[in-house]
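Asks: Give me a model of this one.
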Amino acid sequence: MDREKKGLAEITSAVVLWSTIEVATKYLDTPTPLSLAFTRFAMGSVLLFPLVLRSTAGEERIGLAEVGLGAVGGFLGITLTFSLYHISLMYTRASTVATIISAVPLFVLPMSICFLGEKASLKEVLGIVGGGVGLALLAYREANFSGSPMWVSFALGSVASFSAYTLINRELGKRKNPGAATSLSLLFGTVLFLPVLIVEKQPLFPIVQGPSTILSFLIVLYLGFIATGAGYLLFFRGMDTVSAHRGASLIYLKPVLATSLAFLFLGEKLGWLAYVAIALVVLSLAITVE
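Replies: Next comes the predicted model:
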């Protein structure tokens, strides 16, 4: 497997892990979503922190410029993104949030061209736009189940913030290495979550109301170490080998997988429009990453 194919496989693995987050969060039934966000990113930071130590001890030390980028990226991609994300999840269904959050490729495409000077082929543009159409169909379907309209502004803000973080962390990873860059941003994002918890008067650790205490504890461990720590590491390792817009296009898989998981585990119903949208997204991905 060549380097680019390996990178695409790593990104796909990360998206598969991320696709389980909404269903797992819904199962926990927590009234403290910000505490859950803080806990899972703190656990991910612990898992990846040795990568920062290894980089710091090496010949190419992490300087103030890298620390600054890590802090900005951590705030945008962790603190702000997932404050908005977990709040939006309180107002609507798991599949709804997963659908809107997955609009990241539509934001990354113009941002990578304008700010990173990347070039996109017509095929890649058509693939990403086609996937966006499929995403719009899913969003239209979800409009019937959206609950409070507040989720729209929170979810879109989360998308924009994470898209900017993707580009920042990718560039930081090129300066040092993707593992150290990801760990640094997770660390800063976790620390910057503390003021949010204080303002919102939420505890450091989430209150969970799932039917089983042991299972709820295992789900929290999974969200922190696997879905977050391992997921982020895989995503940015993969992004180091492909163009930003091409790698980000794989995030379109998230609503397809999350909607399927929500159907299987939460009983959320699918309709013909959902199947058409899923087929369009899969076809668009085949065009983009071929």
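
Asks: Show the pLDDT at the nearest residue to residue 120 once chain neighbours are set aside.
Replies: Using CB to CB, 6 or more residues apart in numbering and skipping the chain neighbours, the partner closest in space to residue 120 is residue 245 (5.6 Å). Quick note: C-beta positions are derived from backbone N, CA and C, even for glycine. For residue 245, the model assigns a pLDDT of 83.

Asks: ok, then the element right after the helix or strand harbouring residue 113?
Replies: Here residue 113 sits within helix 104-115, counting by DSSP states H and E. Once the chain leaves helix 104-115, the next helix or strand it forms, by DSSP H and E, is helix 122-142.

Asks: quick check, distance from that next one to the centre of its chain.
Replies: Remark: helix 122-142 is offset 18 Å from the chain centroid, using CA atoms, centre = their mean, to the nearest Å.

Asks: cool, stretch 247-266 as well?
Replies: 12 Å.

Asks: and if you look at stretch 70-80?
Replies: 13 Å.

Asks: Helix, strand, or coil at the residue nearest to residue 120?
Replies: Three-state call for residue 245 (DSSP: H, G, I helix; E, B strand; the rest coil): helix.

Asks: who are the neighbours in contact with it?
Replies: 105, 108, 109, 112, 113, 118, 120, 124, 128 (CB atoms under 8 Å, 6 or more residues apart in numbering).

Asks: and the third one, how many neighbours?
Replies: Counted with other CB atoms under 10 Å, the neighbours of residue 109 add up to 24.

Asks: Can you read off the backbone torsions of residue 192?
Replies: When read as degrees, to the nearest 10, the backbone of residue 192 gives phi -70, psi -10.

Asks: who are the neighbours in contact with it?
Replies: Contacts of residue 192 by CB under 8 Å, 6+ apart are 71, 74, 75, 78, 79.

Asks: Any stretches of this protein with poor pLDDT?
Replies: Applying pLDDT under 70 to the chain picks out residues 1, 52-62, 92-98, 139-151, 176, 268, 270, 289-290.
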